[in-house]
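Peer 1: For reference, the sequence and a predicted model appear below.
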Amino acid sequence: MSKTDQLNSDIRATLCPAPGAAPPSYMLLEQYRIYLQLLDKIADRRQSANSFFLSINTGLCALLGYMFTREVPPQLRLLLWVIPFPGILVSYFWFRLVRSYRYLNAAKFRVVEAIEERLPLAPFAAEWIALRDEADAHRYIPLTTLEVWIPRCFMCLYSAILLLLVPWREAIAALSHH
């Protein structure tokens, strides 16, 4: 038995520990409805987290952009070096959070599919089959696959800013004199 098959078997066994003692269908439908509401709440939290991190990064980038376009007093020029570091850190945490939500959603959809095995219809399982067909046609890209690139782009942007700030001529000149 593959690891995936074993996992699916464990999920089924946990959902209904006594297979002969299945709950009445109205209870099963109610539990299914509540579980789907939890999925929606997680999606809302995920969107709120993305908005939070995007706002922080937008603010940091706006501040950096302002400082690059204005004559900044020397005592504030140090901020050009400081700001990218929290930007990289915030973006890294954002990236990790997106990946955590990906794993959480994958687990929840496995549970949904296990519940649907006991229902007369299995809309989520059917949806994944339809999406798999679309994926083969390169039309469907999972949201998380795209979503992780946003914090990665911010990390690259902050890193590029740091590289631009290095006084390369002076550094090369100093190295060539030694």
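Peer 2: Structure received.
Peer 1: C-alpha only now, for contacts and for neighbours.
Peer 2: OK.
Peer 1: surely Tyr158 meets Trp81?
Peer 2: No: with contacts counted by C-alpha atoms under 8 Å, Tyr158 stays clear of Trp81, the gap being 9.9 Å.
Peer 1: pLDDT below threshold where in the chain?
Peer 2: Scanning the chain with the threshold set as pLDDT under 70 gives 17-23, 134-139, 178.
Peer 1: Does the residue nearest in space to the middle of it belong to a helix, a strand or coil?
Peer 2: In the chain, the centroid-proximal residue (C-alpha atoms, centre = their mean) is Val98; its distance is 1.7 Å. Three-state assignment for Val98 (DSSP: H, G, I helix; E, B strand; the rest coil): helix.
Peer 1: What count of nearby residues applies to the closest residue to it other than its chain neighbours?
Peer 2: Counting by C-alpha to C-alpha, 6 or more residues apart in numbering, Val98 lies nearest to Val148, which is 6.3 Å off, once chain neighbours are set aside. Other residues within reach of Val148, judged by other C-alpha atoms under 10 Å, total 19.
Peer 1: pretty sure Leu39 contacts Ala106?
Peer 2: No: Leu39 sits out of contact with Ala106 when judged by C-alpha under 8 Å, with a separation of 10.7 Å.
Peer 1: more crowded one of these two?
Peer 2: Leu39 (17 against 12).
Peer 1: List the buried residues for stretch 149-164?
Peer 2: Neighbour counts over stretch 149-164 (16 or more other C-alpha atoms under 10 Å) mark 151-152, 154-155, 157-159, 161-162 as buried.
Peer 1: Make CSV from the residues you listed and add distance to Gln6 and secondary structure to it.
Peer 2: What follows is those, written out as CSV (distance: C-alpha to C-alpha, whole Å; DSSP: H, G, I helix; E, B strand; the rest coil):
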residue, distance to Gln6, secondary structure
Pro151, 34, helix
Arg152, 34, helix
Phe154, 39, helix
Met155, 38, helix
Leu157, 43, helix
Tyr158, 43, helix
Ser159, 43, helix
Ile161, 48, helix
Leu162, 48, helix
